[in-house]
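# only geometry, no sequence info:
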């Protein structure tokens, strides 16, 4: 049995530079000077820190309650506390 690559017909859609003027023009553009890239996302980073902190505190509270009561907590308690 032949491989999949031998059974699939490949149709080349790439055009020569003279026929594909947009791609040819963009590939030859020169960038004059440095372009500053601001890749800091302070709002997303703060939000992620808040979510992690809240989840950690919930987990700590649940463990403290388990120890204080000395009773077995149902398996779904972590999920319930996470959703709250």
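It's in. Here the structure is a predicted model, which is why all the values come from computation and not from measurement. Residues are numbered from 1 along each chain as shown.
# From residue 61, how far out is residue 81?
8 Å (Cβ to Cβ, to the nearest Å). Just so you know, the C-beta spots here come from the backbone N, C-alpha and C atoms, and that holds for glycine as well.
# Sorry, wrong one. I was asking about residue 21.
64 Å.
# what is the rounded mean pLDDT of stretch 35-43?
What stretch 35-43 shows for mean pLDDT is 73.
# my bad, should have said stretch 75-82
Mean per-residue pLDDT for stretch 75-82: 75.
# Name the residues of that stretch that are buried.
Residues of stretch 75-82 include none that count as buried (16 or more other Cβ atoms under 10 Å).
# after the least confident helix or strand in the chain by mean pLDDT, next one along is what?
Ranked by mean pLDDT, DSSP states H and E, the helix or strand of the chain with the weakest confidence is helix 4-7, at a mean of 60. Per DSSP states H and E, the first helix or strand lying C-terminal to helix 4-7 is helix 21-28.
# Mind checking the pLDDT average for that next one?
Per-residue scores along helix 21-28 average to 75.
# Tell me which other helices or strands that helix touches.
The helices and strands touching helix 21-28, judged by 3 or more Cβ pairs under 8 Å, 6 or more residues apart in numbering; DSSP states H and E, number zero.
# Use 515 as the first number for this chain going forward.
I'll keep to 515 as the first residue from here, and by that count the last item is helix 535-542.
# residues of that helix that come out buried?
For helix 535-542, using 16+ other Cβ under 10 Å, no residue counts as buried.
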